[in-house]
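[1] Build me a model from this:
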Amino acid sequence: MAVRRPGMDGPMAAPAQSALPPSWRSYAAGSQGTAAPTPYTSLTPWNQSIIPPMKSSLKHDIQVDIETTFIREQSDVEADRYVFGYTITISNQGSLSARLLNRHWIITDANGKVEEVRGEGVVGEQPYLEPGQHYRYSSGTIIETPVGAMEGDYEMLDDQGEHFVTPIPAFSLQMPNVVH
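    Sure thing, here's the model as predicted:
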């Protein structure tokens with residue numbers, strides 16, 4: 001059996017019948033009126049969107065961009081002290097102004113040691129961002145291995161009094177010329 005979808009070059013091969021669970025085999029064979037059973041969801045025809053249309057403007061759309069650097073002058077490799085700096089740019093691309101209230105970090109080194117850090121604001125401030133504005137700050141962290149990772153979130157408050165969380169995507173901390 002081959003499946004052809006408009007806009008695609010050539011047929012796509014269907015999985016071998018033996019690779020399918022018995023309850024799916026009659027569906028894959030093309031039996032008329034036979035719907036593929038599934039305990040989780042019903043199938044949606046490929047040409048119908050299962051994603052709701054996007055709104056023209058999200059009220060909470062905070063972008064977080066990260067740059068990292070290894071700080072050799074403050075690090076001591078013999079003492080397992082690796083210092084990293086990071087610069088974060090927080091951009092409000094939403095339709096409402098928002099204030100950053102709190103931060104939450106999860107810092108993990110290559111040995112699996114995890115440290116969680118929570119606190120008010122960032123670098124002693126609780127920046128207020130109107131739509132289209134951005135805030136940039138620099139900070140740092142110390143881990144015991146030449147490679148690690150950070151991720152977390154910011155607790156925010158919009159002008160309508162609604163609290164929301166902005167995720168900080170995971171990023172790596174890595175001493176140059178180290179392969180992990």
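[2] and residue 113, how many neighbours?
    Counted by other C-beta atoms under 10 Å, the residues lying close to residue 113 total 12. For every residue, glycine as well, the C-beta is placed using N, CA and C.
[3] repeat for residue 81
    12.
[4] tell me the contacts of it?
    75, 142, 144 (C-beta atoms under 8 Å, 6 or more residues apart in numbering).
[5] Of these, which is the nearest to residue 65?
    Checking the contacts of residue 81 against residue 65 with C-beta to C-beta, the nearest one is residue 142 at 22.7 Å.
[6] Name the strands paired with the helix or strand where residue 87 lies and say parallel or antiparallel.
    Under the criterion of DSSP states H and E, residue 87 resides in strand 82-92. Here strand 82-92 is paired, per DSSP bridges, with strand 62-70 (antiparallel), strand 134-143 (antiparallel).
[7] for those strands, which one sits closest to residue 172?
    strand 62-70 (7.2 Å).
[8] What ranges does the protein have for its helices?
    Taking DSSP state H as the criterion, the chain carries its helices at 22-28.
[9] Below-threshold pLDDT in this structure: ranges please.
    1-57, 179-180 (pLDDT under 70).
[10] could you pull out the strands for it?
    2-3, 12-13, 62-70, 82-92, 98-109, 114-120, 128-129, 134-143, 147-158, 163-174 (DSSP state E).
[11] still on that earlier bit, out of the strands paired with strand 82-92, which gets nearest to residue 149?
    Closest among those, using C-beta to C-beta: strand 134-143, at 9.3 Å.
[12] in stretch 99-106, what counts as buried?
    100, 102, 103, 104, 105 (16 or more other C-beta atoms under 10 Å).
[13] mind putting those in JSON lines, distance to residue 69 included?
    As requested, the buried residues of stretch 99-106 are exported to JSON lines (distance: C-beta to C-beta, whole Å):
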{"residue": "100", "distance to residue 69": "23"}
{"residue": "102", "distance to residue 69": "25"}
{"residue": "103", "distance to residue 69": "20"}
{"residue": "104", "distance to residue 69": "22"}
{"residue": "105", "distance to residue 69": "17"}
